[in-house]
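Asker: Sharing a model that was predicted from the sequence below.
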Amino acid sequence: MDEQKLLDRITVNPNIFGGKPIIRGRRLAVEHVLGMLAAGDTPELLLQGYPWLEKEDIQACLVYARRMVGHERIEPLKIESAA
C-alpha cells in the first residue's frame with residue numbers, strides 16, 4: 001500500500017481527543033499506538049488488544065510519525081553574554 005493510502009487512515013476529529021490524529025475515526029490516537037510500540041509492545045499485541053485494528057493502521061502511524069519528524073528543524077540557540 002502506498003504512503004498516501006496509509007495516511008488516509010489517519011483522521012482528525014475535533015470531538016475526539018481534542019483533534020489529535022486518530023486511526024480511521026476511532027478513539028485510538030496515533031500518539032497512543034506510537035507510545036505502545038515505543039514501550040516495546042509488538043504490532044501483534046496491539047492487533048490482539050484492538051480487534052478492529054489492522055496491520056496497515058500501525059504502518060500508517062509509523063509513516064505519519066516519520067513525516068512529522070521529517071519536517072522538524074532544530075535551530076541552535078545563540079546566547080550572547082552580558083559582558
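Answerer: Now that the structure is in, tell me what you want to look at.
Asker: mind listing the strands for the chain?
Answerer: Here the chain has its strands, by DSSP state E, at 10-12, 21-23.
Asker: Could you save those strands as JSON lines and add columns showing distance to Leu53 and mean neighbour count?
Answerer: Bear in mind the C-beta positions are built from the backbone N, C-alpha and C, glycine included. Shown next, in JSON lines, are those (distance: least, C-beta to C-beta, whole Å; neighbours: other C-beta atoms under 10 Å):
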{"stretch": "strand 10-12", "distance to Leu53": "13", "mean neighbour count": "15"}
{"stretch": "strand 21-23", "distance to Leu53": "7", "mean neighbour count": "22"}
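Asker: Can you lay out the ones you listed as TSV showing mean pLDDT?
Answerer: Putting the strands of the chain into TSV (pLDDT from 0 to 100) gives the following:
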stretch	mean pLDDT
strand 10-12	96
strand 21-23	97
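Asker: can you pull the contacts of Lys20?
Answerer: Val12, Ala29, Val30, Glu31 (C-beta atoms under 8 Å, 6 or more residues apart in numbering).
Asker: can you rerun that using 7 Å?
Answerer: Ala29, Glu31 (C-beta atoms under 7 Å, 6 or more residues apart in numbering).
Asker: can you list the strands of the chain in TSV and add distance to Arg67?
Answerer: Below are the strands of the chain laid out as TSV (distance: least, C-beta to C-beta, whole Å):
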stretch	distance to Arg67
strand 10-12	10
strand 21-23	11
